[in-house]
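Novice: what follows is a predicted protein model with its sequence.
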Amino acid sequence: MTAIIREEFDKVTSFKVGKKRHSRIVKIILFGSYATGKWVYKPGYGYISDYDILIILNNRDLVDDYKLWDIIEDRIALIWGPPGDVTGSYFRPPLNLIVHSLEFVNDALGKSQYFFTDIKKEGVVLYENSKRPLSQPYILPPEDYLPIAKDHYNMWFKSAKSFLIDHVHCMERKDYNKASFELHQAAERFYACIILVLTNYKKNTHNLKHLNFLAIKEDARVAEAFPWNRKLNRKRFYLLKDAYIDSRYSQHFKISKTELEWLYSRVEVLRDITKKICREKIRELEA
């Protein structure tokens, strides 16, 4: 994976002009469960630990070059096949690429974002072309983190519940495509609430599958919301995932009342899990 990342990055920068031509990879770091040896392989419960890779660049000029990172992910996928494909009875682990500038990562460490302080503490450096170390993380006292966690919870949980209300209104008028979008937004916000309260950082994505993995990584109870033990359940979850774009822009997107009712019941479970996890964290900080 490291070799492919470097090769494709060098191809792109060789054709760039201006600042982008001078973009460089500073570090490639493996983090998460495969770095700590705590990976999980439970496809029946909808969770397989992903390969978590943090790519740190010397500047932010190519951080948002999504075409580049899509090419890299596609090339790596060719090695194993797409995520979720089965070889015999084995599901290959998904790849989770996160790209930031060195300035952003050091700033995050200075703000005691637990996501990055854990990477600093437990990550495995796969490649570096600079011996310049990452900044020492600032350890935020619980009394200082408490208002931050409360703000995340109050904002995101309230927003998620609002989208659930809008979903119900769409169901009442049988606007099922719009209802699926509102339900997607509710689920996305419940995931965001968990991740932000526990880590003070959320990857910029609307992909429910990625958010589900990230939330389960922080608390295994999240896996109870969407059981993957049946093909039908997985199909319905992917319908909800795709609703973010397809429900609004694709004439081929179709979702039934029955599918939406099942998905709503699972998002309700996610809501209750979110409330429990976040309140536990806040009580812990208060103590």
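Specialist: Good, I have the coordinates. Numbers count the residues shown, from 1 in each chain.

Novice: buried sites along stretch 223-233?
Specialist: 223, 225-226, 228, 233 (16 or more other Cβ atoms under 10 Å). (Each C-beta comes from the backbone N, C-alpha and C, glycine too.)

Novice: same question for stretch 233-250.
Specialist: For stretch 233-250, a neighbour-count test (16+ other Cβ under 10 Å) marks 233-234, 236-237, 239-244, 246-247 as buried.

Novice: and if you look at stretch 262-270?
Specialist: So stretch 262-270, judged by 16+ other Cβ under 10 Å, has buried residues 262-264, 266-267, 270.

Novice: likewise stretch 36-56?
Specialist: Residues 46-56 are the ones in stretch 36-56 that count as buried (16+ other Cβ under 10 Å).

Novice: show me which of those residues has the smallest pLDDT value.
Specialist: Lowest pLDDT within the buried residues of stretch 36-56 is found at residue 46 (58).

Novice: which residues of the chain score low on pLDDT?
Specialist: 16-19, 44-47, 80-91 (pLDDT under 70).

Novice: which stretches of it form helices?
Specialist: In the chain, the helices defined using DSSP state H lie at 2-15, 33-36, 66-80, 102-110, 114-122, 142-172, 176-199, 208-218, 231-249, 257-286.

Novice: okay, the ones you listed, which one's buried deepest?
Specialist: When you average the neighbours per residue for each of the helices of the chain (mean count of other Cβ atoms under 10 Å), helix 176-199 leads with a mean of 24.

Novice: now that one: how far from the chain's centre is it?
Specialist: The chain centroid and the centroid of helix 176-199 are separated by 12 Å, computed with Cα atoms, centre = their mean, to the nearest Å.

Novice: can you list the domain ranges for this protein.
Specialist: 2-128, 142-286 (automatic domain parsing).

Novice: mind checking which of these is nearest residue 136?
Specialist: When these are compared by Cβ to Cβ, domain 2-128 sits nearest residue 136, at 7.2 Å.
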